[in-house]
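Chemist: give me a 3D structure for the following:
(chains A and B)
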Amino acid sequence: ETGVTQTPRHLVMGMTNKKSLKCEQHLGHNAMYWYKQSAKKPLELMFVYSLEERVENNSVPSRFSPECPNSSHLFLHLHTLQPEDSALYLCASSSGTGTWEQYFGPGTRLTVT
Amino acid sequence: AQKVTQAQTEISVVEKEDVTLDCVYETRDTTYYLFWYKQPPSGELVFLIRRNSFDEQNEISGRYSWNFQKSTSSFNFTITASQVVDSAVYFCALSEVNAGNMLTFGGGTRLMVKP
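Modeler: Here you go, the predicted model:
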């Protein structure tokens, strides 16, 4: 067990729905990340939070909205998604945003219909 | 140009064979870090190793070994006596100090170990 949990594990949503992905880390880390993994592209970094402040927003469309209420929890709010947003969304955490290794959750498999 | 290139998209071996996964990186930083992760079918990426640019010593951990060569910008990963449980996608990643230390991943190599 990696200490990073994600819910739900699978999600199917229509383009007009609003849903949220949840990530929780039990490792005492200070930094959390959202990644997108699709079949056609390598792992793409979406957002980085350090000590609950966003430090990186990698040109992600506004239909993805992150929230980090504390250092253990990270959310990704989704609204008016497109079919091309279907992918595996992975959450990770690390001791800091330096060169520390990141620990990943199992991911949420998202399908947009 | 890709910063991390894993030229082998898919490798298939028979159990007990040795297999090497290639990773070539590109950076102008003198200080950087390289990583390998394993992604089994369950989905989560599992951290395997971190190596900094000043430490070219090869590392061995059980059946796993890593060969870091700055002269060729490569950080290759070898599995000795492969097992079916080694079947997964393996990712090499680069963290550059001048890029905010964010991880840049290669495209991954899918390893299939057949019994």
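
Chemist: now that we're looking at the closest residue to B:Val84 other than its chain neighbours, what pLDDT does it have?
Modeler: The shortest distance from B:Val84 to any non-neighbouring residue, by CB to CB, 6 or more residues apart in numbering or on different chains, is to B:Val113 (5.1 Å). Bear in mind the C-beta positions are built from the backbone N, C-alpha and C, glycine included. Among the per-residue scores, B:Val113 shows a pLDDT of 97.

Chemist: other SSEs contacting the host helix or strand of B:Val113?
Modeler: Using DSSP states H and E, B:Val113 maps to strand B:109-114. Applying 3 or more CB pairs under 8 Å, 6 or more residues apart in numbering or on different chains; DSSP states H and E, one finds that strand B:109-114 contacts strand B:10-14, strand B:19-21, strand B:88-96.

Chemist: worst average pLDDT in those?
Modeler: When the helices and strands packed on strand B:109-114 are compared by mean pLDDT, strand B:88-96 comes last with a mean of 93.

Chemist: need the contact list for the residue most central in space within chain A.
Modeler: Among the residues of chain A, the one closest to the centroid is A:Trp34, at 3.0 Å (CA atoms, centre = their mean). When contacts are counted by CB atoms under 8 Å, 6 or more residues apart in numbering or on different chains, A:Trp34 touches A:Cys23, A:Leu45, A:Met46, A:Phe47, A:Pro66, A:Leu74, A:Leu76, A:Tyr89, A:Leu90, A:Cys91.

Chemist: need the max-distance pair from those.
Modeler: A:Cys23 and A:Leu45 (14.4 Å; CB to CB).

Chemist: circling back: and among the helices and strands packed on strand B:109-114, the most buried is which?
Modeler: Sort those by mean neighbour count, taking mean count of other CB atoms under 10 Å in any protein chain shown, and strand B:88-96 sits at the top with a mean of 23.

Chemist: next, the angle strand B:10-14 makes with that one.
Modeler: 130 degrees (axes from the mean of the first three to the mean of the last three CA atoms, to 10 degrees).

Chemist: what's strand B:88-96 packed up against?
Modeler: Against strand B:88-96 (3+ CB pairs under 8 Å, 6+ apart) you get strand B:4-5, strand B:32-39, strand B:74-79, strand B:103-105, strand B:109-114.

Chemist: contacts for the last one, please.
Modeler: Same thing as strand B:109-114. Contacts with strand B:109-114, where a contact means CB under 8 Å, 6+ apart, come from B:6, B:8-15, B:19, B:21-22, B:79, B:82-90.

Chemist: picking that back up, export the helix or strand where the residue nearest to the centre of chain A lies to PDB, keeping only CA atoms.
Modeler: Per DSSP H and E: A:Trp34 is located in strand A:31-38. What follows is strand A:31-38, C-alpha atoms only, in PDB (Å, rounded to 0.1, in the frame of the first residue of the first chain):
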ATOM      1  CA  ALA A  31       3.300  18.500  -1.600                       C
ATOM      2  CA  MET A  32       0.600  17.000  -3.700                       C
ATOM      3  CA  TYR A  33       0.200  16.600  -7.400                       C
ATOM      4  CA  TRP A  34      -2.400  15.800 -10.100                       C
ATOM      5  CA  TYR A  35      -1.300  14.000 -13.300                       C
ATOM      6  CA  LYS A  36      -3.200  13.000 -16.400                       C
ATOM      7  CA  GLN A  37      -2.400   9.800 -18.100                       C
ATOM      8  CA  SER A  38      -4.000   9.100 -21.500                       C
END
